[in-house]
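A.B. asks: Sequence first, predicted model second:
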Amino acid sequence: MLNAAAMAISRTSLVLYHRYTVQGREHLPKTTPFVMVANHTSHLDHLCLRNALPLSIRVRTHPLAA
């Protein structure tokens with residue numbers, strides 16, 4: 001529940017302060033594994049990628065950084 005609240009707050013702040021939008025979410029695979037890679041334009045990449053995912057997929061994500 002705390003994780004859901006944190007994600008709701010982060011999504012709200014991204015939308016309000018950074019004009020965050022998501023396009024193409026319908027193209028994500030629903031059952032097979034996939035890799036999402038950020039282009040490292042900011043330190044918000046992790047939050048943006050995670051907020052782009054539907055909740056059903058988000059709970060199974062594992063972020064990595066090099």
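C.D. replies: Yep, it's here. Numbering: from 1, shown residues only.
A.B. asks: any idea which residue sits dead centre in the protein?
C.D. replies: Residue closest to the average C-alpha location in the chain (CA atoms, centre = their mean): Arg50, at 1.7 Å.
A.B. asks: can you pull out the helices in the protein?
C.D. replies: For the chain, applying DSSP state H gives helices covering 2-18, 45-52, 55-58.
A.B. asks: Deepest-packed of these, please.
C.D. replies: Neighbour counts (mean count of other CB atoms under 10 Å) averaged over each of the helices of the chain peak at helix 45-52, with a mean of 17. Yep, even glycine has a C-beta here, placed from its N, CA and C like the rest.
A.B. asks: what distance separates that helix from the centre of its chain?
C.D. replies: Taking CA atoms, centre = their mean, to the nearest Å, the mean C-alpha location of helix 45-52 is offset from the chain mean by 3 Å.
A.B. asks: Helix 2-18 and that one, what's the angle between them?
C.D. replies: Helix 45-52 and helix 2-18 are oriented at 110 degrees to each other (axes from the mean of the first three to the mean of the last three CA atoms, to 10 degrees).
A.B. asks: Make sure Asn51 is actually in contact with Thr12.
C.D. replies: No. The pair formed by Asn51 and Thr12 falls short of the contact definition of CB atoms under 8 Å, at 9.8 Å.
A.B. asks: any low-confidence regions in the chain?
C.D. replies: Using pLDDT under 70 as the threshold, the predicted model of the chain has low-confidence ranges 66.
A.B. asks: Keeping just the C-alphas, turn stretch 17-24 into PDB.
C.D. replies: In PDB, the C-alpha atoms belonging to stretch 17-24 read as follows (Å, rounded to 0.1, in the frame of the first residue of the first chain):
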ATOM      1  CA  TYR A  17       5.800  19.700 -12.900                       C
ATOM      2  CA  HIS A  18       7.300  18.000 -15.800                       C
ATOM      3  CA  ARG A  19       4.400  17.600 -18.200                       C
ATOM      4  CA  TYR A  20       4.800  13.800 -18.300                       C
ATOM      5  CA  THR A  21       2.800  11.900 -20.800                       C
ATOM      6  CA  VAL A  22       2.900   8.200 -21.900                       C
ATOM      7  CA  GLN A  23       2.400   7.100 -25.500                       C
ATOM      8  CA  GLY A  24       2.400   3.500 -26.900                       C
END
